[in-house]
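**Q** fold the following for me, if possible:
(one chain, ligands or ions: 1)
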Amino acid sequence: MTARLIDGKAVAAELRRAIAARVAGLGFRPGLRVVRVGEDPASGVYVRNKDKAAQEAGFDSATIHLPAETTEAALLAVVAGLNEDPSVDGILVQLPLPPQIRAEAVISAVAPEKDADGFHPLNAGRLASGQPGLVPCTPKGVMHLLRAADCVLPGARAVVLGRSNIVGRPMAQLLLAADCTVTIVHSRTRDLPAECRRAEILVAAVGRPAMVQGDWVAEGATVIDVGINRLPSGRLVGDVAFGPASERAAAITPVPGGVGPMTIACLLENTLEAAIARRG
Ligand code: NDP
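**A** Sure thing, here's the model as predicted:
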């Protein structure tokens, strides 16, 4: 079998167009503020892309760039100001943060109703208990991709490789909410290849280049590769050995051009949802 490609760029572009159309009909511009601390080069690229996408979709978007030596107290004061600002609907603090700042303290300081990243413990708890709330952008984007690929979710055996708060755990919760039978596997799992081979839907989010080999993939599975790994040559690859995995999968996301573009589109979707919920 040669897998069908799930085109994240196209799905993300369609979602962004739909969001822009909804924004145009609102009568106000949803406000997004992205806070960046320090000079991490990858963060610089992400933040510019987020800002550009938000502006293209009609949002009132701006980046607040603070110096690397910013203290935790100073960052918390910036977040508190954004929480209070009625024109701001979504707040995103770009990770990673410099070592003097505790990411958990900052994540917990963002007002849950403006938590565009969906990382606040209250939103994580809502997701885990099946209540509506803001959902982390990357796993939300994966759900859009699965639906766009006409993947049948109820009853499907889904395996999520990775258990981070940003991707793996919320991914598993979303699949569970969609009535999949979900297994989470991680660095202490005994037989990873065997667990992965059981998957009808396999989502890899480990951060290890091409770790998922072709024979870890069941014939006919849908494979979603969240990983973004830069090789010494500069090339970007996912967590899945794309060539061999495509020989067995029915559908697969490429890297780049798969999950990556969905993350930004879902940030816009979250900010729009937050704006509508806040402003009625
Ligand atoms: P983390 O490092 O936070 O988590 C990685 C997870 O993978 C952990 O749960 C870890 O297990 C597990 N893991 C690591 N090594 C192994 C191994 N050898 N065997 C089994 N499990 C292992 O990463 P993130 O979740 O933040 O990101 C994962 C990948 O997704 C990265 O490549 C990242 O760049 C990418 N990413 C892509 C995004 C996008 O927009 N496409 C957005 C966010 C992330 P344990 O918990 O046991 O240590």
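
**Q** residue 260 and residue 8 touch, don't they?
**A** Yes: here residue 260 reaches residue 8: they are 6.6 Å apart, a contact under Cβ atoms under 8 Å. Using the backbone N, CA and C atoms, a C-beta is placed for each residue, glycine as well.

**Q** the stretch 101-250 of the chain against the ligand: which residues are in contact?
**A** With Cβ under 6 Å from any ligand atom as the criterion, the stretch 101-250 of the chain meets the ligand at residues 138, 162-164, 166-168, 186-188, 192, 205-208, 226-229.

**Q** how does it look with 5 Å?
**A** Contacts of the stretch 101-250 of the chain with the ligand, taken as Cβ under 5 Å from any ligand atom, map to 138, 162-164, 166-167, 186-187, 205-207, 226-228.

**Q** in a strand, residue 32, correct?
**A** Yes: Residue 32: assigned to a strand according to DSSP: H, G, I helix; E, B strand; the rest coil.

**Q** how near is residue 82 to the ligand?
**A** The spacing between residue 82 and the ligand, counted by Cβ to the nearest ligand atom, to the nearest Å, is 22 Å.

**Q** can you name the residues that contact that residue?
**A** 33, 35, 88, 91, 110, 114 (Cβ atoms under 8 Å, 6 or more residues apart in numbering).

**Q** coming back round to it: neighbour count winner among residue 260 and residue 8?
**A** More neighbours surround residue 8 than the other of residue 260 and residue 8, with 27 against 23 (other Cβ atoms under 10 Å).

**Q** report the contact partners of the more buried one.
**A** 141, 145, 253-254, 257-262.

**Q** can you rerun that using 10 Å?
**A** When contacts are counted by Cβ atoms under 10 Å, 6 or more residues apart in numbering, residue 8 touches 141-142, 144-145, 148, 224-225, 253-263, 265.

**Q** any of these buried? List them.
**A** Neighbour counting by 16 or more other Cβ atoms under 10 Å classes 141-142, 144-145, 148, 224-225, 253-255, 257-263, 265 among the contacts of residue 8 as buried.

**Q** show me these that map onto helices.
**A** Here DSSP state H is the test, and the buried ones among the contacts of residue 8 give 141-142, 144-145, 148, 260-263, 265 as lying in helices.

**Q** about what we covered before: which of the residues of the stretch 101-250 of the chain next to the ligand has the most neighbours?
**A** residue 226 (31 neighbours).

**Q** now it. Nearest residue, chain neighbours left out?
**A** residue 205 (3.9 Å; Cβ to Cβ, 6 or more residues apart in numbering).

**Q** against residue 169, how distant is that neighbour?
**A** Per Cβ to Cβ, to the nearest Å, residue 205 is found 10 Å from residue 169.

**Q** joint contacts of those two?
**A** Joint contacts of residue 205 and residue 169 (Cβ under 10 Å, 6+ apart) are 139, 160, 162-163.

**Q** between residue 260 and residue 8, which contacts overlap?
**A** Shared contacts of residue 260 and residue 8, defined by Cβ under 10 Å, 6+ apart, are found at 141, 225, 253-254.

**Q** for residue 41, report the pLDDT, please.
**A** Listed pLDDT for residue 41 reads 88.

**Q** need the phi and psi values for it.
**A** Dihedral pair for residue 41: phi -60, psi -40, per degrees, to the nearest 10.

**Q** ditto for residue 130
**A** Backbone torsions for residue 130, taken as degrees, to the nearest 10, come to phi 80, psi 20.
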